[in-house]
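Enquirer: sequence plus the predicted model coming up.
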Amino acid sequence: MKVNDKVIVVTGAGSGMGREVTLNLLRKDAKVFGVDLNEKTLQETFELAGDKKANLATAVLNVADKAAVDALPAKVIEKFGAVDAIINNAGIIQPFVRFNDLGFDTIERVLHVNLYGVLYMTKAFLPHLLARPAAHIANVSSMGGYLPVPGQTIYGATKAAVKLMTEGLYAELLETNVGVTVIYPGAIATNITTNSGVAGPNVEETSKKSSLKAMPADQAAEIIVNAIENNKYSVFVGSDAKLTDFIYRLNPKMAVKMIYKQLKALLK
């Protein structure tokens, strides 16, 4: 699905990959409805749109709020007349602590944003997408959705669920007008630690010390939009995502030990 002149909803549009995906789409002449929980950063994204502001609408929204998400399609259609695609990008990490030390309040927060947020968005928008001549759903999983990361066990579980839910959607929608893509980012230069409200070691700073450097968010956005336009089944974003996928398929146990050595400094 080519994105020019299409109406696309982006979650997590206030920062990081979501912001860069929004700006990339606008440069390609798409109309974007961006949502985020953070009003300040969402306004910053709007200002960065420059002369494309007329093609960008924003709304403060918690994707974990089912009632708010259910009301969103009507707002998008009222603004732009239709909706052609959704990019479920919003997500948070958990504190880097062992599963045994993770409280249920934190577990539920990660589940609600990362899994239920994608579920709510997809259920709310799919009937409208099925009515379009061409449409698309892109869901952001993670390198942590296929490779277990110590200290991110629940985060990984949600991203693995997003992976399989998206693959199931792809199968169910094969004979429809709706394309489906699952996205696996590795380390991307964003502020996910801060945006997740996670105290303690900073994952972005740790990634800078790794031999596999974090990919700039604008480069990640270009890969994601290109995957949508080419109706890719899946896309790995970053050399670390591609490498770990290869190693994990080759020898899962070795891959788990490798990632543990890379990230054990973050684990409390």
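Expert: Sure thing, it's come through.

Enquirer: for the one helix or strand V32 maps to, which helices and strands make contact with it?
Expert: Assigned by DSSP states H and E, V32 belongs to strand 31-36. Judged by 3 or more CB pairs under 8 Å, 6 or more residues apart in numbering; DSSP states H and E, the packing partners of strand 31-36 are strand 7-11, helix 16-27, helix 39-48, strand 56-60, helix 72-80. To be clear about C-beta, it is placed using only N, CA and C from the backbone, and glycine gets the same treatment.

Enquirer: quick one: strands adjacent to it?
Expert: Strand 31-36 sits in its sheet next to strand 7-11 (parallel), strand 56-60 (parallel), going by DSSP bridges.

Enquirer: correct me if wrong: K163 contacts Y146.
Expert: Yes: counting by CB atoms under 8 Å, K163 does reach Y146; the two are 6.7 Å apart.

Enquirer: quickly list what's touching both of those two.
Expert: Y184 (CB atoms under 8 Å, 6 or more residues apart in numbering).

Enquirer: residue ranges with poor pLDDT in this structure?
Expert: Scanning the chain for pLDDT under 70 picks out 191-212, 268.

Enquirer: switch the cut-off to 50
Expert: Within the chain, the segments meeting pLDDT under 50 span 204, 207, 209.

Enquirer: max-length strand in it?
Expert: In the chain, taking DSSP state E as the definition, the longest strand is strand 178-185.

Enquirer: can you list contacts of that one?
Expert: Contacts of strand 178-185 (CB under 8 Å, 6+ apart): 1, 17, 126, 129-130, 134-143, 145-146, 162-163, 166-167, 169-170, 173, 215, 220, 224, 227-228, 231-238, 241, 245.

Enquirer: that one pairs with which strands?
Expert: Short version: by DSSP bridges, strand 178-185 pairs with strand 135-140 (parallel), strand 234-237 (parallel).

Enquirer: whatever helix or strand comes next after it pairs with which strands?
Expert: Later in the chain than strand 178-185, the nearest helix or strand by DSSP H and E is strand 188-189. Sheet pairing of strand 188-189 (DSSP bridges) gives strand 215-216 (parallel).

Enquirer: chain center to the strand it pairs with, what's the gap?
Expert: Here the centre of strand 215-216 is set off from its chain's centre by 15 Å, with CA atoms, centre = their mean, to the nearest Å.

Enquirer: contact partners of that strand?
Expert: P185, G186, A187, I188, A189, V237, G238, S239.

Enquirer: what's the closest non-adjacent residue to N24?
Expert: In this structure, N24 finds its nearest non-sequential neighbour in A221, 4.4 Å apart by CB to CB, 6 or more residues apart in numbering.

Enquirer: which SSE is the one you found in?
Expert: helix 217-229.

Enquirer: now that helix: buried residues?
Expert: Within helix 217-229, the residues that count as buried by 16 or more other CB atoms under 10 Å are A217, A220, A221, E222, I223, I224, V225, A227, I228, E229.

Enquirer: and for stretch 36-51?
Expert: So stretch 36-51, judged by 16+ other CB under 10 Å, has buried residues D36, L37, T41, L42, T45, F46, A49.

Enquirer: residues in contact with the spatially closest residue to D70 that is not a sequence neighbour?
Expert: Of all residues not flanking D70 in the chain, A124 sits nearest, at 5.3 Å (CB to CB, 6+ apart). Contact partners of A124, counting by CB under 8 Å, 6+ apart, are V69, D70, L72, P73.

Enquirer: which other helices and strands does the longest helix that the chain contains contact?
Expert: Taking DSSP state H as the criterion, the chain has its longest helix at helix 153-172. For helix 153-172, the packing partners by 3+ CB pairs under 8 Å, 6+ apart come out as helix 104-111, helix 117-130, strand 135-140, strand 178-185.

Enquirer: try it again at 10 Å.
Expert: Here helix 153-172 touches helix 104-111, helix 117-130, strand 135-140, strand 178-185, strand 234-237, going by 3 or more CB pairs under 10 Å, 6 or more residues apart in numbering; DSSP states H and E.

Enquirer: quick one: distance of the third one to the chain centre.
Expert: The one in question is strand 135-140. The answer for strand 135-140 is 10 Å, by CA atoms, centre = their mean.
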